[in-house]
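**Q** below is the structure, and that's it, no one-letter string:
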């Protein structure tokens, strides 16, 4: 597609529920990133994929967070047993491989845990 | 580790006035530098980027930024602000080498008054 697509746009989850957030990157973009943006804050790095390989997951806040990109295109961020502190906007971005390119961001998924 | 400081949380300017948003970074060498803009409920849009060469960078929507190595700064400027520029602006720094992990500042919210 023309841009990075994320779904759903909004998700309300009860505490303890599992959620799955989807990201469709720009076709041909090798690099894919997930960021978490809490209210009033800048985006914080969660994880990075190069094709299907997850090369950096140092930003995932706990083992309840899991991300995958099995075929090197669509990615899913899964949060198990959601907690209130997980409430945030989750942003996906993609980029052409190599240096020298800015990211293209999706519009994000706003997760509210009640 | 790289980091970004945006000292102004909120700035108000009159329409037609000039604008300068401050950004200071910390990085061991010359980094990649970016400015992104985020409108309410939207993802981040890349305004401009600096990789090398001319330290004055032109971006979209009439914005420019100047990289000053001696001051570790990358301030964003616009000579005449329009009401549609009201948004939140994020400065970001990316590491050279590797997959270009980007670290964002906490953002500056711009309000434009008539």
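**A** Structure's in. What do you need? For clarity, every value in this text was computed on a predicted model and none was experimentally measured.
**Q** can you pull the contacts of residue 111?
**A** Reading this off chain A. Neighbour list for residue A:111: A:11, A:13, A:19, A:21, A:79, A:82, A:86-90 [criterion: C-beta atoms under 8 Å, 6 or more residues apart in numbering or on different chains]. To be clear about C-beta, it is placed using only N, CA and C from the backbone, and glycine gets the same treatment.
**Q** not what I meant, chain B
**A** B:10-13, B:86 are the contacts of residue B:111 under C-beta under 8 Å, 6+ apart.
**Q** so where's the chain shaky on pLDDT?
**A** No chain specified, so I'll use chain A. Residues of chain A meeting the criterion pLDDT under 70: A:1, A:97-101.
**Q** right idea, wrong chain: chain B
**A** B:98-100.
**Q** up against chain A, what does it have?
**A** B:4, B:32, B:34, B:36, B:41-46, B:49, B:51, B:90, B:96-97, B:99-107 (C-beta under 8 Å from any C-beta of the partner chain).
**Q** out of those, which end up buried?
**A** Buried members of the residues of chain B next to chain A, counted by 16 or more other C-beta atoms under 10 Å in any protein chain shown: B:4, B:32, B:34, B:36, B:43-46, B:49, B:51, B:90, B:99-105, B:107.
**Q** okay, and which of these map to strands?
**A** Using DSSP state E, the subset of those located in strands is B:4, B:32, B:34, B:36, B:44-46, B:49, B:90, B:102-104.
**Q** columns distance to residue A:44 on top of those residues, output as TSV?
**A** Output for these, formatted as TSV (distance: C-beta to C-beta, whole Å):
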residue	distance to residue A:44
B:4	12
B:32	18
B:34	16
B:36	14
B:44	13
B:45	19
B:46	18
B:49	20
B:90	12
B:102	11
B:103	9
B:104	8
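**Q** geometric centre of chain B: which residue is closest?
**A** By C-alpha atoms, centre = their mean, chain B has its centre lying nearest to residue B:35, at 3.4 Å.
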